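*Asks:* kindly generate the corresponding structure for this input.
(chains A, B, C and D)
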Protein chains: 2
Amino acid sequence: MSEKNLLTELAAHLYSFGETENGRMPSERELAEHFAVSRGQIRETLAILEAMRIVERRAKSGIFLTTRTASVEALALFAKAGLPLDPIQIYEAVELRKIHEIKAAELASARATDENYDRLRAILAASEQRIAAGGTLAEEDRDFHLEIVRATQNTVFYRICSVYYAMGERRLPIYFSDPDRSARSHAEHVQIFDALLKRDANLAQALMSAHLQGAESYWKGLITGKPSGTA
Amino acid sequence: MSEKNLLTELAAHLYSFGETENGRMPSERELAEHFAVSRGQIRETLAILEAMRIVERRAKSGIFLTTRTASVEALALFAKAGLPLDPIQIYEAVELRKIHEIKAAELASARATDENYDRLRAILAASEQRIAAGGTLAEEDRDFHLEIVRATQNTVFYRICSVYYAMGERRLPIYFSDPDRSARSHAEHVQIFDALLKRDANLAQALMSAHLQGAESYWKGLITGKPSGTA
DNA sequence: GCGCTGCATTGGTCTTACCAAATTTTCTGT
DNA sequence: ACAGAAAATTTGGTAAGACCAATGCAGCGC
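*Replies:* From the prediction side, this is the model:
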């Protein structure tokens, strides 16, 4: 929040224009003036936005929001920029996340190394301490799930799943604002960890599926209730 | 190939330095001179590379290759730049692809619209024509698989899977250099399409699994034989 | 061998400038 | 009044130069 980042600010600014007339955004020179930076800075940022397929720069014509689907990374940027993510995309991400993590649990139960187990133990210990102190989960949840993905030893897998958590970063605190949910999640994490330790792929999958089911229905209910962002 | 692109060329150039001494890349000024462009151009490109977590710019210190895992998009760039993809990452991508596409077949069999079916029919017709003319598959294969992913109606899913095909773009011609393989693949595509049409999720999954098994073992054998890139 | 000093290097930023294509405005002829 | 041509303006693309402050390094002195 406090961190001022031209990339996120510019993305937010551009989206604030919505579907202005022909969809053309302010010129580079205008943007430079608006953000009180040089044109070079704006161009550097626009280059990134263009690489993410968020924006399209037509030579000597102007800057436009892309109609093509943006890159995966763009979703993470949207979340970071505080842009109201499309509820549909949130649901899509949750659906995908479930697919990924259940499979991750299966693979991890066969491939997890001692290092993975150690890290998971540390994460669970931190979770327990946090909850014992009356706090709520947040990074610990993300760390736990991502560590399981890492335990698949498939780095491409890890990269993809990182996006989900970047997307959910500002939603986690909301989700875990209920202390009960923290405790319940933690308990389920422990069960999943035990299944991984026993290298019981079927059990790990089943537990992960049940664990994510809760989150999925929570978000599904929330987004159908409040269609727009929950900032 | 013919298309000169500073982004891909710069990426390739930087990687050609490998693990030079402390891992520091040439300075922006040197790179600008090397590519005969202005420093601004180099900085714009480096900004993209940094956003992809391929490169790290340390203020007043230098440019370094990131040790952290790069973004998903970076994999597509690597392929486009003709960089020798890590065989391990290729395997990882193939493994993931199988996970994704089998699930996609399941979801698509329930959600495919008439539009999806129409497009799949058109793609299959194009494939058939190509093969009848003695040609080999290439884009048709990619289009077919991606259309199935699109038929899940999950755009995030689609984005992720697009990366695989960007990665494999220059590998497809090699894979399909064997005319037999083209014909066999096409026949399997037709079967999968029929399963989708019947909305038989189990059959679609099974067929897709078998279909990808062939590709998986092909690539696995090829990369263990030739550890490095296959141009 | 160690610590300090000073200088060249380097990324970060801004300014100015010019080009050529695209766009908008103005002008012109009917 | 309108359509089309011509001129002026805007816009992205690119380059060159300059300054800053932190970094890194070489050389010096101890």
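*Asks:* check what contacts the helix or strand bottoming out on mean pLDDT in chain A and list those residues.
*Replies:* Using mean pLDDT, DSSP states H and E, the weakest-scoring helix or strand in chain A turns out to be helix A:172-175, at a mean of 75. For helix A:172-175, the external contacting residues (C-beta atoms under 8 Å, 6 or more residues apart in numbering or on different chains) are A:Thr136, A:Leu137, A:Ala138, A:Glu139, A:Asp141, A:Arg142, A:Arg181, A:Ala215, A:Tyr218, A:Trp219, A:Thr230. For the C-beta atoms, the positions are set from N, CA and C on the backbone; glycine is no exception.
*Asks:* which of these count as buried?
*Replies:* Buried members of those, counted by 16 or more other C-beta atoms under 10 Å in any protein chain shown: A:Thr136, A:Leu137, A:Ala138, A:Asp141, A:Arg142, A:Arg181, A:Ala215, A:Trp219.
*Asks:* ok, back up a step: okay if I get the contacts of helix A:172-175 as a markdown table plus distance to B:Glu95, pLDDT and secondary structure?
*Replies:* Below are the contacts of helix A:172-175 laid out as a markdown table (distance: C-beta to C-beta, whole Å; pLDDT from 0 to 100; DSSP: H, G, I helix; E, B strand; the rest coil):
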| residue | distance to B:Glu95 | pLDDT | secondary structure |
| --- | --- | --- | --- |
| A:Thr136 | 35 | 83 | coil |
| A:Leu137 | 30 | 85 | coil |
| A:Ala138 | 31 | 81 | coil |
| A:Glu139 | 28 | 86 | helix |
| A:Asp141 | 26 | 92 | helix |
| A:Arg142 | 23 | 92 | helix |
| A:Arg181 | 33 | 86 | helix |
| A:Ala215 | 25 | 78 | helix |
| A:Tyr218 | 30 | 78 | helix |
| A:Trp219 | 28 | 73 | helix |
| A:Thr230 | 35 | 36 | coil |
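*Asks:* which one among the residues you listed gets closest to B:Ser177?
*Replies:* Among the contacts of helix A:172-175, A:Arg142 lies closest to B:Ser177 (C-beta to C-beta), at 44.3 Å.
*Asks:* surely A:Gly23 meets A:Phe64?
*Replies:* Yes. Under the criterion of C-beta atoms under 8 Å, A:Gly23 makes contact with A:Phe64 at 5.4 Å.
*Asks:* nearest residue to the middle of chain A?
*Replies:* In chain A, the C-alpha nearest the mean C-alpha coordinate belongs to A:Met167, at 2.3 Å (C-alpha atoms, centre = their mean).
*Asks:* now it: which helix or strand?
*Replies:* Following DSSP states H and E, one finds A:Met167 within helix A:155-168.
*Asks:* how about A:Phe64?
*Replies:* Using DSSP H and E, A:Phe64 falls within strand A:62-65.
*Asks:* is chain B contacted by that strand?
*Replies:* No. Interface with chain B: strand A:62-65 contributes nothing (C-beta under 8 Å from any C-beta of the partner chain), its closest point being 14.5 Å away.
*Asks:* chain center to that strand: distance?
*Replies:* Distance of strand A:62-65 from the chain centroid (C-alpha atoms, centre = their mean, to the nearest Å) equals 26 Å.
*Asks:* and DNA strand D, is that strand touching that?
*Replies:* Yes. Interface with DNA strand D: strand A:62-65 contributes A:Gly62, A:Ile63 (C-beta under 7 Å from any atom of the strand).
*Asks:* what of stretch A:12-28?
*Replies:* Yes. Contact of stretch A:12-28 with DNA strand D (C-beta under 7 Å from any atom of the strand) involves A:Met25, A:Ser27, A:Glu28.
*Asks:* start to end distance for that stretch?
*Replies:* End-to-end distance for stretch A:12-28, by C-alpha to C-alpha, to the nearest Å: 15 Å.
*Asks:* for that stretch, which positions count as buried?
*Replies:* Neighbour-count burial for stretch A:12-28 [16+ other C-beta under 10 Å]: A:His13, A:Leu14, A:Met25, A:Pro26, A:Glu28.
*Asks:* what is the rounded mean pLDDT of it?
*Replies:* The pLDDT scores in stretch A:12-28 average 85.
*Asks:* list the contacts of that stretch.
*Replies:* Applying C-beta under 8 Å, 6+ apart, the set of residues contacting stretch A:12-28 is A:31, A:34-35, A:39, A:42-43, A:46, A:49, A:54-55, A:61-65, A:81-83.
*Asks:* can you classify the most far-flung residue of chain A relative to its centre as helix, strand or coil?
*Replies:* Ranked by distance from the centre of chain A (C-alpha atoms, centre = their mean), the top residue is A:Lys60, with 35.5 Å. At A:Lys60, secondary structure determined by DSSP: H, G, I helix; E, B strand; the rest coil is coil.
*Asks:* ditto for the one 10 residues further on
*Replies:* Of the three states, A:Ala70 takes coil under three-state DSSP.
*Asks:* confidence score at it?
*Replies:* Confidence at A:Ala70, expressed as pLDDT, is 85.
*Asks:* now swap in A:Phe64 and tell me
*Replies:* So A:Phe64 comes in at 96 (pLDDT).
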